[in-house]
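Novice: fold the following and give me the result.
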Amino acid sequence: MFGRAAAALALLLIAGAARAQAPDSEPAPTAAERFVVRNFEANKVALDQAPGLTQAIATRMAEANLKVVSPDDIQKAVGLDRQRELLGCSGDAACAIELAGALDARYVVSGRVDRFNQRYLLSATVWDQRLTEVKVKSQREVADAGLLSQAMEEIADELLAPFGVPPKVEVKLADRVDSLGFNLGLKLGTTLLTSLFRLAPVGEIELGFRISHAWLVILQIGFGIAFDQTTQTNVGLTPGLLGLRYHFRAEKDLQPTLGGGLGVITTIAAARGKARLSALLNLGLLYLITQRVSASVEASMDVLGLAYGVAEKTSALTGINFGLSLGINYRF
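Specialist: Alright, predicted model coming up:
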């Protein structure tokens, strides 16, 4: 009985070893295999973008500890005549075969960038010399040149995924808001209506239109309330403040902002209305909670209000001179 059990166990072990030694139809690529990166091609209006994109994919692969032969390495490895043949061959398959054979590499990375009006089409492939076929390919279409860098990073993630390289891009272009679109913000804070030492609550509704991810045209509508020592109520209205805001580090979660605008401020004090122009300068910090929702803190200064105060030599200034606000914003 024990003899039969031992024989059966031996047969199972032999069968398992045979399966383990049997070659797969396509062995998984390893980081030890060499990659040749060709210069990216381009149409005439996108030629300036091609070298930087070529360098970006070569650098990314080198950072992933893959064995990379860059276009510069090709120039050093082969003679000038042979170099012209390899880099100037016609047809992607023919070029890939020539390069892989000449440089003893299995994979060849090729790419192309084309510009059509203001839009760019970026594509790249990895050619497998052993199987004589395209191993993986990827492409992106972006609205302006400023997005090519992220598009290249996303393409690199997809090209390198089959080789066990973890992705680098957290938020993809498809998940980002468009460069053109509307913003809506609600701000609450405190501001000066009557003097340097008398603060008042203020609320603002901000409508914005993005002309890029960094630039925003803004229209603010707000009000503030202050109580003086005689219990009179002073209401400051901002019927319209039109301006611009610039977002530094627009691709990051934390973005310093700088803006300004012109408007009209109306102060109603004891049933007497006063109005004047305002010129606001804003400095702030914005944090993206999600790609559409953000929180912000902003300090403002009315340059004209300060100028009026200096001219009148009085601290009892009407209008908004200094302010601090917290806001929540939504990007459509």
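Novice: show me what counts as buried in stretch 130-147.
Specialist: Using 16 or more other C-beta atoms under 10 Å as the test for burial, stretch 130-147 gives 135-136, 138, 140, 142, 147. Every C-beta, even on glycine, is put in place using the N, C-alpha and C of the backbone.
Novice: I'd like the residues you listed laid out as CSV, including distance to Trp127.
Specialist: Listed next are the buried residues of stretch 130-147 as CSV, based on distance: C-beta to C-beta, whole Å:
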residue, distance to Trp127
Lys135, 7
Val136, 10
Ser138, 13
Arg140, 19
Val142, 24
Leu147, 26
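Novice: which of those residues fall within strands?
Specialist: The members of these that map onto strands under DSSP state E are 135-136, 138, 140, 142.
Novice: check the buried residues of stretch 130-147 and tell me the two furthest apart.
Specialist: Longest distance between any two of these is 26.0 Å, between Lys135 and Leu147; criterion C-beta to C-beta.
Novice: avg pLDDT for the helix or strand harbouring Leu53?
Specialist: Leu53 belongs to helix 50-63 when assigned by DSSP states H and E. Average pLDDT, helix 50-63: 93.
Novice: given the next helix or strand after it, what are its sheet partners and their directions?
Specialist: Using DSSP H and E, the helix or strand that follows helix 50-63 in sequence is strand 67-69. Here strand 67-69 is paired, per DSSP bridges, with strand 34-37 (parallel).
Novice: need the ones in strands among the buried residues of stretch 130-147 in JSON lines (columns: pLDDT).
Specialist: Formatted as JSON lines, those follow (pLDDT from 0 to 100):
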{"residue": "Lys135", "pLDDT": "93"}
{"residue": "Val136", "pLDDT": "95"}
{"residue": "Ser138", "pLDDT": "94"}
{"residue": "Arg140", "pLDDT": "93"}
{"residue": "Val142", "pLDDT": "89"}
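Novice: from those, pick the one nearest Leu53.
Specialist: Arg140 (11.1 Å).
Novice: chain neighbours aside, what residue packs nearest to the closest one?
Specialist: Among residues not flanking Arg140 along the chain, Ala151 sits closest, at 3.9 Å (C-beta to C-beta, 6 or more residues apart in numbering).
Novice: cool, and Ala161?
Specialist: Pro167 (7.0 Å).
Novice: and what of Asn282?
Specialist: Closest to Asn282 by C-beta to C-beta, 6+ apart is Gly259, at 4.3 Å.
Novice: wait, a strand at the one you found?
Specialist: Yes - if the criterion is DSSP: H, G, I helix; E, B strand; the rest coil, then Gly259 is within a strand.
Novice: what separation do you get for Leu173 and Ala64?
Specialist: From Leu173 over to Ala64 the distance is 21 Å, taken as C-beta to C-beta, to the nearest Å.
Novice: again with Ser278
Specialist: On the measure of C-beta to C-beta, Ser278 and Ala64 end up 54 Å apart.
Novice: before we move on, the earlier item: check which helices and strands the helix holding Leu53 is in contact with.
Specialist: strand 34-37, strand 67-69, strand 107-116, helix 148-160 (3 or more C-beta pairs under 8 Å, 6 or more residues apart in numbering; DSSP states H and E).
Novice: let me have the ones you listed in TSV, extended by mean pLDDT and mean neighbour count.
Specialist: As requested, these are exported to TSV (pLDDT from 0 to 100; neighbours: other C-beta atoms under 10 Å):
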stretch	mean pLDDT	mean neighbour count
strand 34-37	88	25
strand 67-69	87	20
strand 107-116	93	22
helix 148-160	93	20
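Novice: dump those to CSV, plus distance to Gly305.
Specialist: Below are these laid out as CSV (distance: least, C-beta to C-beta, whole Å):
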stretch, distance to Gly305
strand 34-37, 59
strand 67-69, 60
strand 107-116, 47
helix 148-160, 42
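Novice: identify whichever of those lies nearest to Leu131.
Specialist: strand 107-116 (10.4 Å).
Novice: and the residue nearest to Ala161, what are its phi and psi?
Specialist: Dihedral pair for Pro167: phi -70, psi 150, per degrees, to the nearest 10.
Novice: which helix or strand lies directly C-terminal to whatever helix or strand Ala279 lives in?
Specialist: Here Ala279 sits within strand 272-288, counting by DSSP H and E. Following strand 272-288 in sequence order, the next helix or strand is strand 293-302 (DSSP H and E).
Novice: what angle do that following strand and strand 272-288 make?
Specialist: Relative orientation of strand 293-302 versus strand 272-288 (axes from the mean of the first three to the mean of the last three C-alpha atoms, to 10 degrees): 140 degrees.
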